[in-house]
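In: Kindly return the folded structure for what I paste below:
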Amino acid sequence: MVARLKISLIFFLLSSLLIDKSAQNNSQISSKQKELNIIKGEISKIEKEIQNKSKKEKETYQLLQKYDKQTFLLNKIIANYRNDINEKENTIADIRKKNEELTKKINQLQTDYAKYVKAVYKKKIQSDLALIFNSESLSQALSRIFYLKRFSDRRRKDLDVLEKSRIELAASEGLIKKELEVKNIVVNEKIEEENSLKKKTIDRRKVLNTIKRDRKALLDELNAKKKAEVVIKNLIAKLNSEKIKRENENKLRNKVAGEKKLMDKNTESVSLKKNLTSPPVNLPKNIPNNQSPVVFQQLKGKLMWPINGGRIIRRFGENKNFSLNTVTLNYGVDIKAGSDFKVKSVASGVVSAIEWIPGYGSIIIISHNDDFRTVYSHLNEILVIEGNTVNAGQPIASVGETIEGNILHFEVWNSRENLNPEIWLAKK
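Out: Now for the predicted structure:
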């Protein structure tokens, strides 16, 4: 009776854990779904604006910007779905690994118990009472009682562990089923958004081909880029301010931990040696935990190019456009892509921002060590989400198509100072 109660209690606890885990997953899904619904709402709003344009208005740079923003938002949704699918696959893989271990444990317990039963049958061990009554002395009888009790307890414990393991395995298999169901939903939603993206890409290309040689459209793009540089500069300043704030909070936590340690040292002199060890300091969120001993400063003149086979068509600093008769200031370099449109992170770091800015379209900012940041603009497909840790050479996006072709705008910043990327990029 007690054993049954134990098993029922184990089943109840594991079922509760499964329900709690499921509820937690549902809460996370609900939060992400709310965020995705906001983005989808913004896409629908832009679509209505496009539909309300007249035929003449549909061939302007402003309309191209609307298509660009729609494309960015769709790519952002798809990147989130891709990340969710990866997380689900990792979770399922972890549960399956645990299930394999549980199965091995159950098989071993069954094998051990089978050996015990076989041994009892072969040797025809006397009944417990017979063993006790056939004892030659009281001392021997007490020893046998003690031994039999321990043996019985061990056998009962083994059976309880076996039953618990079976219940745990069943609960894990139920969790896998739920995770697979959620994953399939996300996969289908991702496919739906990808189909929508393909349609928008075709519509965008039609507008782009119409206005490519339009002088007004080129001027509009030029003016948008000037405003975009200010937005990027403000984004970099914001990231720097957030980093300083995190560092100050971390210093305060360390100070409090140090004061507490000092108090402990004064009150517990026995643990003095132990207290000499500094408390662990966690890296602030979104600050790279460098995977390589090479710091960004040491990469000057050796930095890998963000795209393979690209060539710089607009240099850092002042640039004159002879066809428009204008002079503009470039905060980075513009690299025309060859046959490879894959955009790579030039060094290890953390994705700090993914934004859409008129003039530069989809942009990614990656934070590196020593307050260095790199900016990648005019992007199409986005392969990362904010907070992702990336390695040097890891693909993060693809080059988008602008009025002038497939061009990547690339910048290098140190704190609030923008640097000449040509000095940093490796010589070809």
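In: residue boundaries of the strands in this structure?
Out: Along the chain, counting by DSSP state E, strands occupy 311-314, 317-321, 326-330, 333-336, 342-344, 349-357, 361-367, 372-382, 389-390, 395-399, 401-402, 405-414, 417-419.
In: out of those, nearest to residue 139?
Out: If you check each of these against residue 139 by Cβ to Cβ, strand 389-390 wins as the nearest, at 67.9 Å. Every C-beta, even on glycine, is put in place using the N, C-alpha and C of the backbone.
In: Please enumerate residues in contact with that closest one?
Out: Strand 389-390 is contacted by residues 288-289, 345, 348-351, 366, 384, 396 when judged by Cβ atoms under 8 Å, 6 or more residues apart in numbering.
In: Among these, the buried ones, what's the PyMOL command?
Out: Here is the PyMOL command that selects only those of these that count as buried (16 or more other Cβ atoms under 10 Å):
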select buried, resi 288+345+348+349+350+351+366+384+396
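In: which of the contacts of strand 389-390 sit farthest apart?
Out: Pairwise over those, using Cβ to Cβ, the maximum falls at 289 and 396, 18.1 Å.
In: wait, which of the contacts of strand 389-390 is closest to residue 49?
Out: Distances from residue 49 to the contacts of strand 389-390, taken by Cβ to Cβ, are shortest for residue 384, at 28.5 Å.
In: Tell me the spacing between the closest one and residue 354.
Out: 7 Å (Cβ to Cβ, to the nearest Å).
In: what touches both of the two?
Out: Joint contacts of residue 384 and residue 354 (Cβ under 8 Å, 6+ apart) are 79, 364.
In: ok, now how distant is residue 330 from residue 241?
Out: Residue 330 is 25 Å from residue 241, by Cβ to Cβ.
In: Next, count neighbours for residue 231.
Out: 15 (other Cβ atoms under 10 Å).
In: Enumerate every residue touching it.
Out: residue 357 are the contacts of residue 231 under Cβ under 8 Å, 6+ apart.
In: And it, how close does it get to residue 363?
Out: On the measure of Cβ to Cβ, residue 231 and residue 363 end up 9 Å apart.
In: before we move on, what about residue 112?
Out: Taken as Cβ to Cβ, the span from residue 112 to residue 363 is 61 Å.
In: Same drill for those two, tell me which one is more crowded.
Out: residue 363 (24 against 11).
In: you'd agree the more buried one is up against residue 352?
Out: No - at 11.1 Å, residue 363 does not count as touching residue 352 under the criterion of Cβ atoms under 8 Å.
In: Start from the N-terminal end of this protein and give the helices.
Out: Assigned by DSSP state H, the helices in the chain fall at 2-51, 61-123, 128-133, 138-211, 215-267, 272-275, 421-424.
In: model confidence over the longest one, on average?
Out: Across helix 138-211, the average pLDDT comes to 75.
In: Measure how it sits relative to helix 215-267, angle-wise.
Out: 160 degrees (axes from the mean of the first three to the mean of the last three Cα atoms, to 10 degrees).
In: Helix 138-211 packs against which elements?
Out: helix 2-51, helix 61-123, helix 128-133 (3 or more Cβ pairs under 8 Å, 6 or more residues apart in numbering; DSSP states H and E).
In: any idea which of the ones you listed scores lowest on pLDDT?
Out: Checking each of these, the one with the poorest mean pLDDT is helix 128-133, at a mean of 56.
In: just to revisit the earlier point, mind checking the strands of the chain for the one nearest to residue 166?
Out: strand 389-390 (39.0 Å).
In: strand partners of that closest one, parallel vs antiparallel please.
Out: Strand pairing for strand 389-390, determined by DSSP bridges: strand 349-357 (antiparallel).
In: ok, back up a step: anything in contact with each of residue 231 and residue 363?
Out: residue 357.
In: Pop the domain breakdown of this protein in here.
Out: 2-49+60-211, 215-286+297-424 (automatic domain parsing).
In: among those domains, which is the most enclosed?
Out: domain 215-286+297-424 (a mean of 17; mean count of other Cβ atoms under 10 Å).
In: distance between the ends of it?
Out: End-to-end distance of domain 215-286+297-424 (Cα to Cα, to the nearest Å): 34 Å.
In: Off-centre distance for that domain?
Out: 17 Å (Cα atoms, centre = their mean, to the nearest Å).
In: So residue 348 is in contact with residue 393, correct?
Out: No - the pair residue 348 / residue 393 is not scored as a contact, 9.2 Å apart, by Cβ under 8 Å.
In: where do the contact lists of the two overlap?
Out: What both residue 348 and residue 393 touch, as defined by Cβ under 8 Å, 6+ apart, is an empty set.
In: Out of the helices of the chain, which gets nearest to residue 379?
Out: Of the helices of the chain, nearest to residue 379 by Cβ to Cβ is helix 61-123, at 8.1 Å.
In: any idea of the angle that closest one forms with strand 361-367?
Out: Going by the same axes, to 10 degrees, helix 61-123 makes 50 degrees with strand 361-367.
In: could you say what helices and strands helix 61-123 packs with?
Out: Partner elements for helix 61-123 (3+ Cβ pairs under 8 Å, 6+ apart): helix 2-51, helix 138-211, helix 215-267, strand 349-357, strand 361-367, strand 372-382.
In: Mind putting those into TSV with distance to residue 404?
Out: Compiled in TSV, these are given as follows (distance: least, Cβ to Cβ, whole Å):
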stretch	distance to residue 404
helix 2-51	23
helix 138-211	11
helix 215-267	8
strand 349-357	17
strand 361-367	13
strand 372-382	10
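In: can you tell me which of those comes nearest to residue 326?
Out: So among the helices and strands packed on helix 61-123, helix 215-267 is nearest, using Cβ to Cβ, at 6.4 Å.
In: pLDDT averaged over that closest one - what is it?
Out: Here the average pLDDT along helix 215-267 is 81.
In: I'd like the helices of the chain laid out as CSV, including distance to residue 389.
Out: Below are these laid out as CSV (distance: least, Cβ to Cβ, whole Å):
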stretch, distance to residue 389
helix 2-51, 20
helix 61-123, 13
helix 128-133, 62
helix 138-211, 22
helix 215-267, 16
helix 272-275, 33
helix 421-424, 21
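In: right, and those - which one's nearest residue 321?
Out: helix 215-267 (7.2 Å).
In: tilt between the closest one and strand 326-330?
Out: Going by the same axes, to 10 degrees, helix 215-267 makes 20 degrees with strand 326-330.
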